[in-house]
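Undergrad: sequence and predicted structure below; questions after.
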Amino acid sequence: MGFVPDITAAMPQPTTPLPYLIIDFDSTFTQVEGLDELADIALQGHPDREKVVGEIRALTDRGMSGSLSFSESLQQRLALLPARREHLPVLVEQLKGKVSESIVRNRSFFERFPGRVYIVSSGFREFIEPVVADFGIQADHVLANTFTFDQDGRITGFDPDNVLSRDGGKILQLRELDLSGDVYVLGDGYTDYQIREAGLANRFYAFTENISREAVVARADEVLPSFDEFLYQNKLPMTLSYPKNRIKVLLLENPDVRAAELFRAEGYQVDSVPGGLDEEELMERIEGVSILGIRSKTQVTQRVLDKANRLIAIGAFCIGTNQIDLTEAMKRGVAVFNAPFSNTRSVVELALGEIIMLARRIPEKSPKMHAGEWDKSAKGSFEIRGKKLGIVGYGNIGSQLSVVAEAVGMQVLYYDVAEKLQLGNAVRCRTLPELLQQADIVTLHVDGRKDNTNLIGAAELAMMKPGAILLNNARGHVVDVPALAAALRSGHLGGAAVDVFPYEPKTNDEGFESELRGLPNVLLTPHIGGSTAEAQRNIAEFVPERIMQYINTGNTQQSVNFPNIQLPTQQAHRLIHIHANVPGVLARINNVLAAHHVNILGQYLKTNEQIGYVITDINQEYDQEVIKALREVEHTIKFRVLY
Ligand SMILES: NC(=O)C1=CN([C@@H]2O[C@H](COP(=O)(O)OP(=O)(O)OC[C@H]3O[C@@H](n4cnc5c(N)ncnc54)[C@H](O)[C@@H]3O)[C@@H](O)[C@H]2O)C=CC1
Ligand SMILES: O=C(O)C(=O)COP(=O)(O)O
C-alpha cells in the first residue's frame, strides 16, 4: 500500500524499449552480503566466530569501497571461511528472507520483464541462482562466480576461469554480454560503478537502501534509496504509487529522536530544525514538505499553509493544538494529529509537586539556603491535606490531577464548560467565580482556545481567597500576567507556579523576560510540564504511528481536525477523497464509478461542517479514466489512491 499524490504519474506505461538492468546481488538485491552470512553459518559454535566474521566483513567492505582490489578481497575472504557444501542450502533460505524490501515489494516487475534483467555479481552462483529464481530471473541471466570444493565438500576457493573472479571482472563480463541498447547498472559497490566508467552502461544508480558508500554515491548518476525510486524515475510500473523516500518530513522543536527513527524506518526523508521557526522562516521551509512535526511553540498559520504545497499531515508532538490553524488545515485537506494522553501524567505530577512546594514556601527558602541564610520557621507554611483544590478545566489533565490530589487528602472542586464525569469525591462548581471564591489553590488546565485569553484577569484574581495560590500549566495567554504580578506583589495571592507564558523564547539561547521574575513565592519553569523522558518517548511513538496509519490506510482516528473514521482492512484499491462538504459530492463520486463499471467493495463516509471524507474500496479492475474523472469531481480538495 502506498500514497499517491498524482495518480497519472503513478501508473505510467513502461518506457519502451526497456533498458537492460544490470543489478548487483549482495547488499543490493539482498540486504546483506552472501559471503558474510555464509561465514556466520559456517562458524556457528566456533570460538573465534565473531572475530573471523568481523574480519570477513571488513574485507568485503574494503573490496566494495575500492580500497582493496577485488580479487585480493575475495581470496582473503575465502581463505578465512571454513564453509562446506551443506551450509549452502541454509544460506539460501536465509537470503530468501533478506531480499531488499523494495525488491520484494516490486516482485511483479521482475516477473514481467525477466529478459531485461541480469544479476551480475562477484558473489556466487550457488546461492544467487535459487534466490533470484523466486523472482522469475532465469539461471542464464545470473552471471556470478562459482565455488570450488574438495572431495569432502569443503569450499576451497573459486573458479579462476570465471571472469568475475578477476579485477575488473564486471567490466569483462559486460563486454562478453555485448548488450545492444541502453544499459543501466544498479548497485552499492565500486565495481558496479566501474561498468559505467568503462563506458559499458549509460547510467549508474547507487542503491543505498541497505548501505550507502560515500565513494560510490559520489560517482553515481542517481542515488536510489529504494527500487521504487528507480521505477518512479523511469516511469516503470510499480507497486507503490509514490516512492516513500520522496515523502519529506520536517521536524521542529526537538521531539524525541524516536520520531525521526520511525519516519526513517518507513522510508521517509527526515529533516530536523532544533528549536522553533517563526512564521516567515516556516513559510520558507514548508514547500515540498509532506509531514510537518511541531510542538507547542510553532505557529502554523494560514500564511504558512498557503505555502504548504505538498502537506499531507501535521503532527503536534504535544497535547495542545491551539498553535495550528486547524480549520484552514482542514480546508486544505491537511490532517492534524496530536498526542492527547502521552504527557498528561507528567503535567499532573508537576502540578502536585508545585502545590506542595508553594504551600511550604520553598521558592523562598531554597534560594536563601543557597545564599547561606538559615530561616527556620513555620510562618505561611501549610499541609495540603484538607485544603480545597480548584481545578479549572476538567479534561484529561484536570481529572487525572483530581484523582491524585484526593489521594493525598485534598478536597477537589472543579469547573468545566463541558459536562464532565465527576471523579471520586470531586465537587462540580457551576461557575468559575464559585470555584475561585472557595479554593485555597486554583490550578488551570483549560485548553488554549482563543476565547480563553485572560480567562484569569484582575477581576478573577480579586475573587480568589487572600493568600490563595494559582498554578498555570495550561497556556500563557490564559492568565493576564501583569494582573497576576500585581496580585502577588500586593500580597493578595500567597504564591504562584507558572510554566507557560504569552511569549516564550524560541530556543534555549534566548533570554526570558517576565514581570513575574523576582516575585516572592513564585515558581517559574520553562514550559516543561510535558518534558519528561517518558512523555517525550511516548509522544514520539504515538504521533508518527497515527500519521503513518493515515498515509498508509486513510485511517483518521484521533485526528483533531478531520472526521474520524476507523477503517477496516483495505481490500484491493482504496480511493481516498477529501472534499468540501456541499450536497451531492458522494453521489457524483458514485456516478463516476458506476459510469465506468467499477465495483465498489466498501464505502465509508464521514463529514464535519467543512469537509467530507469518503473512502471507497474498489476491485482491481479500473482504468486511468476513472481516476481522472474522480479528480475532476467538483469540490474535490485532495484525492489519492492506495494500492
Ligand atoms: N505545560 C505543559 O507542558 C503542558 C500543557 N498542556 C496544556 O494543558 C491543556 C489541557 O490538556 P488536557 O487536559 O489534555 O486537555 P483536554 O482537552 O482533555 O481538557 C481541557 C478541558 O478544559 C475545558 N475548558 C476549556 N475552556 C474552558 C473554560 N474557559 N472554562 C472551563 N473549562 C474549560 C474543556 O472543556 C476540557 O474539558 C492543553 O490544551 C495544553 O494547552 C498540556 C500538556 C503539557
Ligand atoms: O503538550 C502540550 O500541549 C504542551 O504544552 C507541551 O508542549 P511542548 O511539547 O513541551 O512544547
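TA: Received the coordinates, thanks. Numbers count the residues shown, from 1 in each chain. Ligands and ions are numbered 1, 2, ... in the order given.
Undergrad: residues in the protein within reach of ligand 2, list them.
TA: 295, 296, 297, 317, 318, 319, 320, 343, 527, 529, 530, 531 (CB under 6 Å from any ligand atom). C-beta here means a position set from N, CA and C on the backbone, and glycine is covered the same way.
Undergrad: those: which ones sit near ligand 1?
TA: Answer for those near ligand 1 (CB under 6 Å from any ligand atom): 319, 320, 343, 527, 529, 530.
Undergrad: for PyMOL, what selects the buried ones among these?
TA: A single PyMOL command selects the buried members of these (16 or more other CB atoms under 10 Å):
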select buried, resi 319+320+343+527+529+530
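Undergrad: and residue 3, what pLDDT?
TA: For residue 3, the pLDDT comes out at 45.
Undergrad: hey, where'd the helices end up in the stretch 451-600 of the chain?
TA: For the stretch 451-600 of the chain, the helices defined by DSSP state H, counting those that start in this stretch occupy 458-463, 481-489, 533-553, 585-595.
Undergrad: could the ones you listed go into a markdown table alongside mean pLDDT and mean neighbour count?
TA: As requested, the helices of the stretch 451-600 of the chain are exported to a markdown table (pLDDT from 0 to 100; neighbours: other CB atoms under 10 Å):
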| stretch | mean pLDDT | mean neighbour count |
| --- | --- | --- |
| helix 458-463 | 98 | 16 |
| helix 481-489 | 98 | 18 |
| helix 533-553 | 97 | 20 |
| helix 585-595 | 93 | 16 |
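Undergrad: would you tell me which of these gets closest to residue 271?
TA: helix 533-553 (14.7 Å; CB to CB).
Undergrad: what packs against that closest one?
TA: Contacts defined by 3 or more CB pairs under 8 Å, 6 or more residues apart in numbering; DSSP states H and E place helix 533-553 against helix 257-265, strand 291-294, strand 313-316, strand 335-337, helix 344-359.
Undergrad: quick one: strands adjacent to the second one?
TA: Strand partners for strand 291-294, identified by DSSP bridges, are recorded as strand 248-252 (parallel), strand 313-316 (parallel).
Undergrad: go through the ones you listed and pick out the most buried.
TA: Counting by mean count of other CB atoms under 10 Å, strand 313-316 has the highest mean neighbour count of the strands paired with strand 291-294, with a mean of 26.
Undergrad: and for the residue of the stretch 351-500 of the chain found nearest ligand 1, the neighbour number?
TA: Closest approach between the stretch 351-500 of the chain and ligand 1, counting by CB to the nearest ligand atom: residue 395, at 1.7 Å. With neighbours defined by other CB atoms under 10 Å, the count for residue 395 comes to 18.
Undergrad: okay, now the unreliable bits of the protein?
TA: Across the chain, the ranges flagged by pLDDT under 70 are 1-16, 241, 620-622.
Undergrad: need the residues of it near ligand 1, please.
TA: Going by CB under 6 Å from any ligand atom, the residues of the chain near ligand 1 are 319-320, 343-344, 347, 392-398, 415-418, 445-448, 452, 455, 473-475, 499-500, 527, 529-530.
Undergrad: for the residue nearest the centre of the chain, give me its contacts.
TA: Closest to where the C-alpha atoms of the chain average out (CA atoms, centre = their mean) is residue 263, at 3.0 Å. By CB atoms under 8 Å, 6 or more residues apart in numbering, the contact list for residue 263 reads 249, 270, 291, 544, 548.
Undergrad: so what's residue 587 up against?
TA: Residues near residue 587 by CB under 8 Å, 6+ apart: none.
Undergrad: do the same with the one 3 residues further on
TA: By CB under 8 Å, 6+ apart, residue 590 lies in contact with 600, 603.
Undergrad: quick one: residue 211 and residue 27 touch, right?
TA: Yes. Using CB atoms under 8 Å, residue 211 is in contact with residue 27, at 5.1 Å.
Undergrad: what sits in contact with each of the two?
TA: residue 188.
Undergrad: who's more crowded, those two?
TA: residue 27 (25 against 18).
Undergrad: surely that one is in contact with residue 189?
TA: Yes. The criterion here is CB under 8 Å, and residue 27 meets it with residue 189 at 7.4 Å.
Undergrad: now list whatever residues contact both of those two.
TA: Common contacts of residue 27 and residue 189 (CB under 8 Å, 6+ apart): residue 64.
Undergrad: quick one: terminal-to-terminal distance for stretch 566-581?
TA: Stretch 566-581 has an end-to-end distance of 20 Å (CA to CA, to the nearest Å).
Undergrad: show me what counts as buried in it.
TA: 567, 570, 573, 574, 575, 576, 577, 578, 579.
Undergrad: so the third one versus ligand 2, what's the distance?
TA: This points to residue 573. 37 Å (CB to the nearest ligand atom, to the nearest Å).
Undergrad: again, but for residue 195
TA: Between residue 195 and ligand 2 the computed distance is 50 Å (CB to the nearest ligand atom).
Undergrad: hang on, that residue in a helix?
TA: Yes. When DSSP: H, G, I helix; E, B strand; the rest coil is applied, residue 195 is found to be in a helix.
Undergrad: all strands for the stretch 101-250 of the chain, in order.
TA: Counting by DSSP state E, counting those that start in this stretch, one finds strands in the stretch 101-250 of the chain at the ranges 117-124, 142-145, 147-149, 155-158, 183-187, 203-207, 222-224, 248-252.
Undergrad: how about the nearest residue to the residue in the stretch 401-550 of the chain positioned nearest to ligand 2, chain neighbours excluded?
TA: The stretch 401-550 of the chain approaches ligand 2 most closely through residue 530 (3.8 Å), counting by CB to the nearest ligand atom. Residue nearest to residue 530 in three dimensions, not counting chain neighbours: residue 343, with 3.2 Å by CB to CB, 6 or more residues apart in numbering.
Undergrad: ok, the one you found touching residue 316?
TA: No. The pair residue 343 / residue 316 is not scored as a contact, 11.6 Å apart, by CB under 8 Å.
Undergrad: re earlier: list just the nearest of the residues of the chain next to ligand 2 to residue 61.
TA: Looking across the residues of the chain next to ligand 2 and measuring by CB to CB, the closest to residue 61 is residue 317, at 37.1 Å.
Undergrad: quick one, what contacts the closest one?
TA: 253, 255, 259, 293, 294, 295, 338, 339, 539, 540, 543.
Undergrad: list phi and psi for it.
TA: The phi/psi pair for residue 317 (degrees, to the nearest 10) reads phi -80, psi 50.
Undergrad: any idea how far residue 305 is from it?
TA: 19 Å (CB to CB, to the nearest Å).
Undergrad: cool, and residue 30?
TA: 43 Å.
Undergrad: name the residue in the two with the higher neighbour count.
TA: The neighbour comparison of residue 30 against residue 305 (other CB under 10 Å) goes to residue 30, with 25 against 20.
Undergrad: distance of the more buried one from ligand 2?
TA: Separation of residue 30 from ligand 2 (CB to the nearest ligand atom): 41 Å.
Undergrad: I'd guessed that residue sits against residue 97; true?
TA: No. Using CB under 8 Å as the test, residue 30 is too far from residue 97 to be in contact (9.4 Å).
Undergrad: need the contact list for the residue of the stretch 101-250 of the chain found nearest ligand 1.
TA: Taking CB to the nearest ligand atom, ligand 1 has its nearest neighbour within the stretch 101-250 of the chain at residue 250, 22.2 Å off. Shown in contact with residue 250 (CB under 8 Å, 6+ apart): 271, 272, 273, 285, 286, 289, 291, 292, 293.
Undergrad: just the buried ones from those residues?
TA: For the contacts of residue 250, a burial check counting by 16+ other CB under 10 Å picks out 285, 286, 289, 291, 292, 293.
Undergrad: which of these sits closest to ligand 2?
TA: Nearest member of these to ligand 2, counting by CB to the nearest ligand atom, is residue 293, at 10.8 Å.
Undergrad: could you give the number of residues near residue 84?
TA: Neighbour tally, residue 84, other CB under 10 Å: 16.
Undergrad: quick one: it from residue 90, how far?
TA: Remark: distance between residue 84 and residue 90 (CB to CB) = 10 Å.
Undergrad: residue 612 too?
TA: Residue 612 is 55 Å from residue 90, where distance means CB to CB.
Undergrad: more neighbours: which of these two?
TA: Taking other CB under 10 Å, residue 612 and residue 90 do not tie; residue 612 has more neighbours (21 against 15).
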